[in-house]
Structure formats: C-alpha cells, structure tokens
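Visitor: sequence and predicted structure are below.
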2 protein chains.
Amino acid sequence: MGDSEVHTAQTDPTAHMATVGCGVIGAAWASRMLLSGHDVKISDPNPDAETILLEVLDNAVAAWDDLGLPTDRQGSYTIVSSIAEAVSGASFIQESVPERPDLKAAVLADIEAAAPVDTIIGSSTSGIKPSTMQATMMHPGRLVVGHPFNPVYLLPLVEVVGGEHTPPVIIEQAMELYRGLGMHPIHVRVEIDAFIADRLLEAVWREALWLVNDGVATTQEIDDAMTYGFGLRWAQMGLFETYRVAGGAGGFRHFVEQFGPTLEWPWTKLMDTPEFTPELVDKLVEQSDAQSGHHSIRELERIRDRNVVGFLKVLEGNRWGAGNTIAAQRAVDS
Amino acid sequence: MGDSEVHTAQTDPTAHMATVGCGVIGAAWASRMLLSGHDVKISDPNPDAETILLEVLDNAVAAWDDLGLPTDRQGSYTIVSSIAEAVSGASFIQESVPERPDLKAAVLADIEAAAPVDTIIGSSTSGIKPSTMQATMMHPGRLVVGHPFNPVYLLPLVEVVGGEHTPPVIIEQAMELYRGLGMHPIHVRVEIDAFIADRLLEAVWREALWLVNDGVATTQEIDDAMTYGFGLRWAQMGLFETYRVAGGAGGFRHFVEQFGPTLEWPWTKLMDTPEFTPELVDKLVEQSDAQSGHHSIRELERIRDRNVVGFLKVLEGNRWGAGNTIAAQRAVDS
C-alpha cells in the first residue's frame, strides 16, 4: 500500500498549512495555525466559509490576547475554491469535513491527487477509525486521526490515532506538528471507535438523556451538578487521580476495595439508549432554551472562552496540567 | 409516622451543629460549619477522629484564606464519645458514617433518641435512598439526603433529596441551612439510587475501567483526556450548555438532529462492568502509582485545592457558575 514511500513529513517552515473544511472545527484549526505564524489555505464549498472563519478567528485572537500569548505574528489566510488549491505544496493538512465515511473518502482522494506525497494529513473525525479511511488511500501511511476539542483554538487536547498503515515515525511527526500549534497530543495506541475522550463523553450523554427522559432532572440541574461539583475537579485532576486522593493514605488499592463493589449496584441505566422521540427532543429543546436561551451562542462562546482562559492561567501559575502546555507555548514564543 | 410533628427546624443561631462520623467527609462538613461560625460537636468512635479533623480543617482554612473568605470567626469544636452527646440540643445534624444500610439505621436510631424532635438530619449517603432510611425512623419527616462532593469545604454542590415522608418545608429549610454554609443545594425531585451526579460519575467510571481493562489507555492517558480537554469545559458549562454552543445558531434542536443519531453507533461498553479481577486491580494500582505516586496524598490535596480556589476566583470575577456561590457567601460575610 505504499507505506514504504512515507518516511518524512515535509517540514519546510515557509510552506503553508491547509485546512479542508471550514465549519466551526475547521475554522478553529485555521485560527490555531494562523496565530502560530503559519500561512493557511482553506477550502470549503460553503459561501459563508470566510464569515465563519472571521468569527472564529475573532474569538481566537481575543482568547490568546487574554492568555497573554502573542497575536501579532499572524500568518495570512486564503480561502480557495478547490481542495487541490488548498493542499498543493502544503506542509501539513487538517481535514474537518462532516462525519460521513463516503465524504471523507472522496475528500481524501482529492487531497491525495494534489498534495505532496509525504505531507501528513490529520483528520478531525471523532468517530471513524483511521484504518477505515486508509483503506481507499493511495499513500495511507501519512494519515492520522488528530481529534481536537471545541474550542480548538483554546483546549490543548488532541487525540492522535494511527491506522494499520501508519508507521510510528508519522505518529511522532504528527504529535510534533500539533505541539507546534500549542497543543497537548495524546497518542491513542489502540484503534477503537470514538477513541478515549468521546467514549467517556458518550457514557455521560446517554446517562444524562435518561435522567431528562425519565423526568428525574432538567438540563439545568444536570449541568449544575457538573459545574458546581465534579466539573471543578476534572479541569485539573481526572477521575483516577481524584479517586486516588479519595482513597487517602491507603492509595488506589484502598479506593478500589472500598468503592469497587458498589459498581454491582443497579445504579446507571447502561443497557440501552433512550429513543429520540419527538417528545424527548422537545423536552430537551425547551429545557435548554429555559436554561440558556437568554444568552446568544456568541455570548456563550465568549463567556466560555473567558472562563477557560482564566482556568488555564490559574493552572499555568500553579505549574499543573493544561497550564504546562501554555507555559511551553509561551517559552517557545519568547 | 409522626410527620405532623415536623413543622419547623430548630434555628436557634446559638445552638451547636453536630457531625456524626468524622472521616474525610464528616471532617470536611465540620470544617465548613466551623468556618461558617458555628460551634460543632463531633462524634466518631475512631480514636484518630481529632487527627483527621485537624488535617482537614487545616486544608479548609488554607483554602478559605486563599479564596479571601474570613477564617477568623471560627466556632469551637468538641469531639465527644457518644452520638447522644453530639446531637443533644443541636440545631442541625449531618450524618457521614460508612455506607452500610444497617449502620445508617442504627446511627439514625441513636440520633433520634437524643436529638430535638424538630432538628433536621442531613445524610451524606451517595447511594441509599432517603425513604429506605426513613422506614425505621420515629420522626422520618426531618431526614433529607444532603450529598456533598469532595473536597466538601470547597465544592459548593450538595444534592438535597427528600424521602416519601419528607414534607416540602423541610426540603426548603435544609436547602437554606446548606446555603448558610456557603453551598449550592440542588433539589433532586425524584428519589432514585445514586441521585444525579453519581449517576454520571458511575457511567464514566465504568467506561474508564473498560478502557484500562482492555489495554486501550492508561489511567494517566484517561485523566489527561479529561484535564486537557472536556474537564476544562465542565468546570463552567455542563454538557447540555456545551452542546448547545456546539449546535451554533441552530440551537439545541440542531445539535440533537446532527449528533443524536450517532448514539446508535456501537461506541460505549455500556452493557456490563468489568470484573474486579486481581489482574485488573493490580493494573489500576500500578498505573495510578506511575501516574501520581511521586506526590503524597496530602500534596495532591493541596494542589487540588489551590487549583479549585483559582477556578472559583476566575468564575467569581466573571460572575458565572460556582463563582456566584462564592460571591453570595462573600456578600453575607461583609
């Protein structure tokens, strides 16, 4: 399958980067690239692509400014009409088109028809396995999943997943590319559907849907149970480290011995997913409107970004967690 | 069942509060009460109870100091040898003994034998339904679950759940009592096992156990996927508000239409729980040691508290979420 042709990523620092797809995710990738000093060519058939880009870039500049990261060395962007124009001569390509396997395959074929043969392609997919995407590629070894988290210009996490054709050197080069954009790549070593974070998110989402469906709690109450409680923990220690602390001096073994057995209790509705009946959808929409409808989406984005920037500054000051990613980025910049 | 006797909580502001059980949770309740200016009587058969109290109180004072909340009006504590001594004449009683239904029943009987008949009893249980506990009580109407979150002296959330014998007025009085301790009570209106937050936590815990069990990810990688990604979101907006933003101008209906169907995909391992084999326990313990073993539990507690205090200050500055609880507490104090 041509793996042997893939040895090095093109790393010409003067070459542009490419973003294929310019929705909220693609526009945020482009913003990260631009703010990191790269020129970016962006392709999207949507006539509103530039409007979306400018709105997201506006948020990204405000957030980086607020973080105290330099925003004055922005690269220049070009919106182009074809994938070929975007990727031709590109040093790195990030694909963020909708999550349809057939569409991904067609877009990857267009990318390969015009991109340098050794340019790494990152896919933003949150659910499709890289091996599935590689199956129809000419040079599959240079494809990795690089799954980001909204807001992409601010949250450091990117899950890097190779397929069966991805050699370790490409994983390492992709990780380095993402680090160069100020991110914290995690290598997901086993190729599974939905990777790591979305597996956890899906579990919460299903359980939360049951709580709303069964009339136990509203969207507001569920969100409050997170933001006034365990959400404040998880911005800085994950569940394993949190539970280690809960186990006290006895360590993690004590925690498992004490609380593991309660997993046998019939607590969570894990067996199935509620059907999205019109009644459930209406209930979700009404409750979400009651909870958040007094803010526009744009306002909510700005509030979110201001909060997250504040958290990142706290963590940087405490030399902890995601704050270390910001500190590393600042060190490179200065 | 004597519900009619329960009309008002004893609200003599000079009466002491009582904590029954002085492990990590009970000691943190006592710390909140003391820092809020109440005298507290604490009962626990453990000879180390005072040591535990002083360690937790030390953390709590440091955290409140760091938050800029007053720590100079502390009430006085008394460690007593019997439940009767602790609860006699108490204005409020919080029970935090281990999660065994038979033990809870015996402790509640001891409490009722000595406490004023109209004193509200809050139970810290995270899993036992209040109606189950009320079944053996003389005056069941004054029992509520008041389920807190570690560190109890810092996280504002408390889930308030009434049983079949709890009249609405007692729920409202309990909520007011918890507000007086600087907390954000949520009334869980439907009595279900594990209430709201732990239902969500259990779902994540099970999924995370599968990921470790199957060798997909380590405890460190799973925790990083949270703390560099969605954890930073959930400290300030829950999953529903986050997804509303992701839906863009189309609102929550657009989000559900776009992403709801992916729930049909076979993503999460929801069907069962991995067995806690010695191999799985060893794996969890080894990975947790590798991840966090270079910090003592005490160090991790201080790091956690410093981070959470920083987040709360950010949120207070932005007049958002849990920051509003701190602002309300500060307003009362000034």
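Guide: Structure's in. What do you need?
Visitor: CA only for contacts and neighbour counts going forward, please
Guide: Fine.
Visitor: residues of the helix or strand bottoming out on mean pLDDT in chain A that come out buried?
Guide: The weakest-scoring helix or strand in chain A, judged by mean pLDDT, DSSP states H and E, is helix A:251-259 (a mean of 76). The neighbour-count check on helix A:251-259 (16 or more other CA atoms under 10 Å in any protein chain shown) flags A:G251, A:F252, A:R253, A:H254, A:F255, A:V256 as buried.
Visitor: then stretch A:137-144?
Guide: Neighbour-count burial for stretch A:137-144 flags A:M137, A:M138, A:H139, A:P140, A:G141, A:R142, A:L143, A:V144 (criterion: 16+ other CA under 10 Å).
Visitor: which one of those is nearest B:D58?
Guide: Closest approach to B:D58 among the buried residues of stretch A:137-144 (CA to CA): A:V144, at 48.7 Å.
Visitor: picking that back up, now do the least confident helix or strand of chain A: which elements does it pack against?
Guide: Counting contacts by 3 or more CA pairs under 8 Å, 6 or more residues apart in numbering or on different chains; DSSP states H and E, helix A:251-259 packs against helix A:239-246, helix B:278-292.
Visitor: now do that helix: everything it contacts.
Guide: The contact list for helix A:251-259 (CA atoms under 8 Å, 6 or more residues apart in numbering or on different chains) reads A:Y243, A:R244, A:V245, A:A246, A:G247, A:G248, B:V281, B:L284, B:V285, B:S288, B:D289, B:I297.
Visitor: and the angle for it with helix A:239-246?
Guide: Here helix A:251-259 runs at an angle of 90 degrees relative to helix A:239-246 (axes from the mean of the first three to the mean of the last three CA atoms, to 10 degrees).
Visitor: tell me the angle of helix A:251-259 relative to helix B:278-292?
Guide: Here helix A:251-259 runs at an angle of 130 degrees relative to helix B:278-292 (the same axes, to 10 degrees).
Visitor: restricting to C-alpha, output helix A:251-259 in CSV.
Guide: In CSV, the C-alpha atoms belonging to helix A:251-259 read as follows (Å, rounded to 0.1, in the frame of the first residue of the first chain):
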residue,chain,number,x,y,z
GLY,A,251,-3.8,4.6,47.9
PHE,A,252,-5.6,3.4,44.9
ARG,A,253,-5.9,-0.2,46.2
HIS,A,254,-7.9,1.1,49.2
PHE,A,255,-10.2,3.1,47.0
VAL,A,256,-10.9,0.1,44.7
GLU,A,257,-11.5,-2.2,47.6
GLN,A,258,-13.8,0.3,49.3
PHE,A,259,-15.8,1.5,46.3
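Visitor: what's the spacing between the residue of the stretch 1-150 of chain A found nearest chain B and A:S124?
Guide: Closest approach between the stretch 1-150 of chain A and chain B, counting by CA to the nearest CA: A:F149, at 6.3 Å. Relative to A:S124, A:F149 is positioned 9 Å away (CA to CA, to the nearest Å).
Visitor: of those two, which one has the most company?
Guide: Set A:F149 next to A:S124 and count neighbours by other CA atoms under 10 Å in any protein chain shown: A:S124 wins out with 25 against 22.
Visitor: three-state assignment of the nearest residue to the more buried one once chain neighbours are set aside?
Guide: Nearest residue to A:S124, sequence neighbours excluded (CA to CA, 6 or more residues apart in numbering or on different chains): A:H147, at 4.6 Å. For A:H147, the secondary-structure state derived from DSSP: H, G, I helix; E, B strand; the rest coil is strand.
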